[in-house]
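# how would this look folded up:
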Amino acid sequence: MFPITAVISHGLRASEASALNVEHWNGKILKVHRSKGQNVSEVPLSREARSHLETYLEWRRQQGGMFEPLPESPMFLAQDPKSAGQRLGYKGLHRMVKKLGAIAGVEDLNPHRFRHTFGTEVTRRGVDPLFGKELMGIKRDRVFQRYTKGVFKQAAAEAYLKAIGEDENL
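Numbers count the residues shown, from 1 in each chain. Presented below is the predicted three-dimensional model:
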């Protein structure tokens, strides 16, 4: 997994991931400046994501120069020859994820699909929707429901089958 995909797989918007600086990371939690609402959220990263991010930052330390991860420097840097060492912007992130999708054989992969997957997984694992909304920087229930409607449809079908004594999983 690439460090940027490890981060966006935690429900961040692509623009929020692009805006991260090294100083927003404390080893466990990202301080995310939300692009909607002008607030700051704390997003804990999984052990696997932390490992990928720390490996990436160590690689940058070893590279030195423009890659040196100073507190005020961008968390994610472009690697292409034309803009190497500059902040990885939304378009660059989008292109990178599309390429990863093509390599993995996943059609139409884009950064926002990671956000939807996070919302679905948080709900599927039984996390309180209030906490899911907080982790994703969402204020309104209706918006959060867009990210989780598949889980609720499946849960409704499973509840019905259980109620009629046919409680096998779908």
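# so G11, which of the three states?
Per DSSP: H, G, I helix; E, B strand; the rest coil, the local secondary structure of G11 is coil.
# swap in E42?
Per three-state DSSP, E42 ends up strand.
# need the nearest residue in space to it, chain neighbours excluded.
Distance criterion CB to CB, 6 or more residues apart in numbering; nearest residue to E42, sequence neighbours excluded, is I29 at 4.9 Å. (C-beta placed from N, C-alpha, C; glycine too.)
# next, count neighbours for that neighbour.
Here the number of neighbours of I29 (other CB atoms under 10 Å) works out to 14.
# dump the residue contacts of it.
E42, V43, P44, L45 (CB atoms under 8 Å, 6 or more residues apart in numbering).
# this structure: helices as residue ranges?
3-8, 14-18, 47-63, 90-104, 111-124, 129-136, 141-163 (DSSP state H).
# save those helices as a markdown table, and put in distance to Q79, mean pLDDT and mean neighbour count too.
Below are these laid out as a markdown table (distance: least, CB to CB, whole Å; pLDDT from 0 to 100; neighbours: other CB atoms under 10 Å):
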| stretch | distance to Q79 | mean pLDDT | mean neighbour count |
| --- | --- | --- | --- |
| helix 3-8 | 11 | 83 | 23 |
| helix 14-18 | 14 | 93 | 21 |
| helix 47-63 | 11 | 94 | 15 |
| helix 90-104 | 9 | 91 | 15 |
| helix 111-124 | 17 | 91 | 19 |
| helix 129-136 | 28 | 92 | 17 |
| helix 141-163 | 30 | 86 | 13 |
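# from G65, how far out is D80?
As judged by CB to CB, to the nearest Å, D80 and G65 stand 17 Å apart.
# hmm, back to that, can you flag the buried ones in the contacts of I29?
V43, L45 (16 or more other CB atoms under 10 Å).
# just give me the closest of the contacts of I29 to K91.
V43 (23.0 Å; CB to CB).
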